[in-house]
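Trainee: pasting the sequence and the predicted coordinates here, then a few questions.
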Amino acid sequence: MPYTPSIPDLTLSQQPQALAPVNAPLWFVSTSNSNQFSLFKYVYALYSYDRFTNSPTFLGQYSLPPRPNTDLGVFDSHKILQSQVGAYTFSYNQSGLQGVSDNNSVAKYKTFYGYEYNPDYRFSDTFDYFAVSGDLVATQTFNTTSDGGFNLTPGSGGFTISSNYNVQLFFLNTFGSNAPFLENKFFFTINDGTNNQQYVFDYPTAGTLFSPYQAYIRYIPFLDNSATLPANYTIKVYSNTKIVKNILGLKFPNYSLGLFNVGDIINVYMDNQNQNGSYNGKTEIIAPVLNPATSSYLTITSYGVIPSGPETGVVNSLQRVIGSSSYVYAFPGTRQYTQNNQDFGITNAISSVASNWATNYSGPKSIYINQYETLSVMSLTASGIANSYYQVNTYDDNMNLLNTYTSTNPIGITAAYIKYELGSGTKNLQGWTMSGTPISLPLTGYYTIGITSSANGINANYTYHIVNNCSRYQNIRIQFMNRVGGYDYWNFNYDSKWTIEVKNRTIFTRGLDYNYSIGDRGRTILNIDANEMWEASTDWISESDYAYLQELITSNDVYVIDEINGYKLPINIEDTSYVQKTALRDKLFNLKITYRYAYDMNLQGS
């Protein structure tokens, strides 16, 4: 009696939140009754997806043993996904309050999960099976009972083909026994959409035996009503049909049906290592062969030499995918130690249940009258954001309302799980038209940026304070990625200075010859590497601002904004320590940073 083996029972018990920072662990956790299975491992295959076309990119497959004591399968995907999330390439000086998205800002991903182990399944023989390729034109399945015999047109008018084809017919005997067919002629009609054309095929030879599991091309068998065969037949019409190769089938007569699933990866080890050595190793199950007498399966391996007797062996590894996680999304933020249970889709995004910007800065943000800036936005639901409207309110120095500007069309926000940058600076907004009215900002005072939708419960507002730059020093405008993954800006308008650091100077010494002339060199500089290093300081700032700016000191994505030429120049912060300052201890204070441009100067000999 066929044996039905037990198989592992596996469940995905945990996956990352729908929107989670990529710079912290992104755990997938599975459970299984794995102790009884030899060489058991959890398997995770990670894919990222284009958020618009949904086309997948394979990021790797990982086999992990169960954790001691708990038997859990724990997979952290964040280090792999970091390569899929990059810095924004948006323009910070876009005109007006409109969303600008960047495909690098968020990674859409999921994992397929499963297991692998040694099932120790023995097969009793191999068999040869034809694989056929071509352009499929039409398919029709027939049943000997309901269709009253073999008939290409069982009340449906036959095949309908969209255009003329040089067609061939492919008949597949799906039974596990030889099928006797009688000599006959058979005609069928192809409806090509223009005219109906009748084709006649001669059945080739009286008494031909169609072997089990074999494909035949241009042979149209006619089932005589006196013959008896069970189950269904399938006719497929192809153009450009050809036999590609013979593929390897394996027979497992001692096991019940359903031993393998399509897509299973197995490892085959032949008992006779001196024949058909190509069968050894990993292969994939591509189809079961329905045979009442045995459990047989087709693989992607090519059939080799016909043996003189049965070929036996063992399947000593089975890898099976049993499911997938839901789609989840990673953004370039961080998760601090005390935020292990924080849902960033609520605390740092805008949706029907959240009205937060992608920043940790709170309170009115200081800005000068002619400065570009952007606000970072993460949207969890496209419908809520896309049906919202923009609003700008202007106020005087005492927060008295001056004007309200509203746009009923939130430009640039169209899809879910994308980070956006809204042009929010004074120079972005000044003179920009909202619903036909140009925005007029006060020289000093306040203004708010809002995304609002009463229907979706969205009411996100951000406040700017327009101040005068009273410093006599050059202002240095810094842009940096904050810990939420958005971009913030800060003015360093106090004393600043630069130095040129020369390093890696290569000198060639050859000495002066006996007849040297004045002006000849005895030592020559062959190579010079030089870099600009700057010190910049803020004006006097508050204790909360000083504490917040640690996000700038620890950011790995920082720029100097050249407000005259419109350049965004990459820099690296060189400071290695950050000392807390408080009003109680330090009274008045500012922040001084040291930074180096993220590129060398181009010099003679560089």
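Mentor: Looks like it came in fine.

Trainee: mind listing the strands for the stretch 451-600 of the chain?
Mentor: Counting by DSSP state E, counting those that start in this stretch, the stretch 451-600 of the chain has strands at residues 458-466, 476-481, 487-492, 497-509, 523-537, 558-562, 567-573, 592-597.

Trainee: make a markdown table from the ones you listed and add mean neighbour count to it.
Mentor: Every C-beta, even on glycine, is put in place using the N, C-alpha and C of the backbone. A markdown table is the format used below for those (neighbours: other C-beta atoms under 10 Å):
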| stretch | mean neighbour count |
| --- | --- |
| strand 458-466 | 18 |
| strand 476-481 | 22 |
| strand 487-492 | 23 |
| strand 497-509 | 11 |
| strand 523-537 | 15 |
| strand 558-562 | 18 |
| strand 567-573 | 16 |
| strand 592-597 | 18 |
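
Trainee: between the ones you listed, which one is closest to Trp432.
Mentor: Among those, the nearest to Trp432 by C-beta to C-beta is strand 458-466 (14.6 Å).

Trainee: by contact count, what packs against that closest one?
Mentor: Under the contact definition 3 or more C-beta pairs under 8 Å, 6 or more residues apart in numbering; DSSP states H and E, strand 458-466 sits against strand 350-351, strand 354-355, strand 365-367, strand 445-453.

Trainee: now Ala536: closest residue in space that isn't a chain neighbour?
Mentor: Residue nearest to Ala536 in three dimensions, not counting chain neighbours: Phe492, with 3.9 Å by C-beta to C-beta, 6 or more residues apart in numbering.

Trainee: err, Lys110, not the other one
Mentor: Ser325 (4.7 Å).

Trainee: burial measure for that neighbour, as a count.
Mentor: Neighbour count of Ser325, defined by other C-beta atoms under 10 Å: 18.

Trainee: now swap in Pro8 and tell me
Mentor: By other C-beta under 10 Å, 19 other residues sit near Pro8.

Trainee: ok, the residue nearest to Lys110 to Asp50 distance?
Mentor: To Asp50, Ser325 is 18 Å away according to C-beta to C-beta, to the nearest Å.

Trainee: what does Ser83 give?
Mentor: Separation of Ser83 from Asp50 (C-beta to C-beta): 15 Å.

Trainee: do the same with Ile518
Mentor: Taking C-beta to C-beta, one finds Ile518 at 68 Å from Asp50.

Trainee: which one's more surrounded, those two?
Mentor: For the pair Ile518 and Asp50, the greater number of neighbours falls to Asp50 (11 against 4), based on other C-beta under 10 Å.

Trainee: what's the per-residue pLDDT of that one here?
Mentor: Asp50 carries a pLDDT value of 86.

Trainee: and it, its phi and psi?
Mentor: With angles defined as degrees, to the nearest 10, Asp50 sits at phi -70, psi 130.

Trainee: how much space between the residue nearest to Ala536 and Ile561?
Mentor: Look at Phe492 and Ile561: by C-beta to C-beta, they are 11 Å apart.

Trainee: what's the answer for Ala24, then?
Mentor: Ala24 sits 29 Å away from Ile561, taking C-beta to C-beta as the criterion.

Trainee: do the same with Ser317
Mentor: Ser317 is 57 Å from Ile561, where distance means C-beta to C-beta.

Trainee: thinking again about what came up before, which one of the helices and strands packed on strand 458-466 is the most hemmed in?
Mentor: strand 350-351 (a mean of 24; mean count of other C-beta atoms under 10 Å).

Trainee: and it, how far from the chain's centre?
Mentor: A distance of 22 Å separates the centroid of the chain from that of strand 350-351, by C-alpha atoms, centre = their mean, to the nearest Å.

Trainee: before we move on, what about stretch 54-72?
Mentor: Using C-alpha atoms, centre = their mean, the offset of stretch 54-72 from its chain centre is 16 Å.

Trainee: equivalent analysis for stretch 52-62, please.
Mentor: With C-alpha atoms, centre = their mean, you get 5 Å for stretch 52-62.

Trainee: what do you get for stretch 6-18?
Mentor: Offset of stretch 6-18 from its chain centre (C-alpha atoms, centre = their mean): 20 Å.

Trainee: one step back: and the strands of the stretch 451-600 of the chain, which one's lowest on average pLDDT?
Mentor: Lowest mean pLDDT of the strands of the stretch 451-600 of the chain: strand 497-509, a mean of 74.

Trainee: circling back to that earlier point, contacting residues around the residue nearest to Lys110?
Mentor: If you count contacts by C-beta atoms under 8 Å, 6 or more residues apart in numbering, Ser325 has them with 12, 15, 28, 110-111, 113.

Trainee: tabulate those (a markdown table), appending pLDDT.
Mentor: Below are the contacts of Ser325 laid out as a markdown table (pLDDT from 0 to 100):
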| residue | pLDDT |
| --- | --- |
| Leu12 | 97 |
| Gln15 | 96 |
| Phe28 | 98 |
| Lys110 | 96 |
| Thr111 | 97 |
| Tyr113 | 97 |
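
Trainee: can you name the residues bridging to the closest residue to Ala349 other than its chain neighbours?
Mentor: Residue nearest to Ala349 in three dimensions, not counting chain neighbours: Met378, with 4.1 Å by C-beta to C-beta, 6+ apart. As for beta bridges, Met378 partners with Lys419 under DSSP bridges.

Trainee: can I get the CA coordinates of stretch 542-554 in CSV?
Mentor: Extracted C-alpha coordinates of stretch 542-554, given in CSV (Å, rounded to 0.1, in the frame of the first residue of the first chain):
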residue,chain,number,x,y,z
SER,A,542,17.7,77.2,22.2
GLU,A,543,18.4,74.2,24.3
SER,A,544,15.9,72.1,22.3
ASP,A,545,17.4,73.2,19.0
TYR,A,546,20.9,72.2,20.2
ALA,A,547,19.6,68.8,21.3
TYR,A,548,17.8,68.2,18.0
LEU,A,549,20.9,69.1,15.9
GLN,A,550,22.6,65.9,17.1
GLU,A,551,20.7,64.4,14.2
LEU,A,552,22.8,66.5,11.9
ILE,A,553,26.1,65.6,13.6
THR,A,554,25.3,61.9,13.3
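
Trainee: check which residues of that stretch are buried.
Mentor: 545-546, 548-549, 551-552 (16 or more other C-beta atoms under 10 Å).

Trainee: so which residues of the stretch 1-150 of the chain form strands?
Mentor: Along the stretch 1-150 of the chain, counting by DSSP E, counting those that start in this stretch, strands occupy 10-14, 19-21, 27-32, 41-49, 56-64, 73-76, 99-101, 107-117, 121-123, 125-143.
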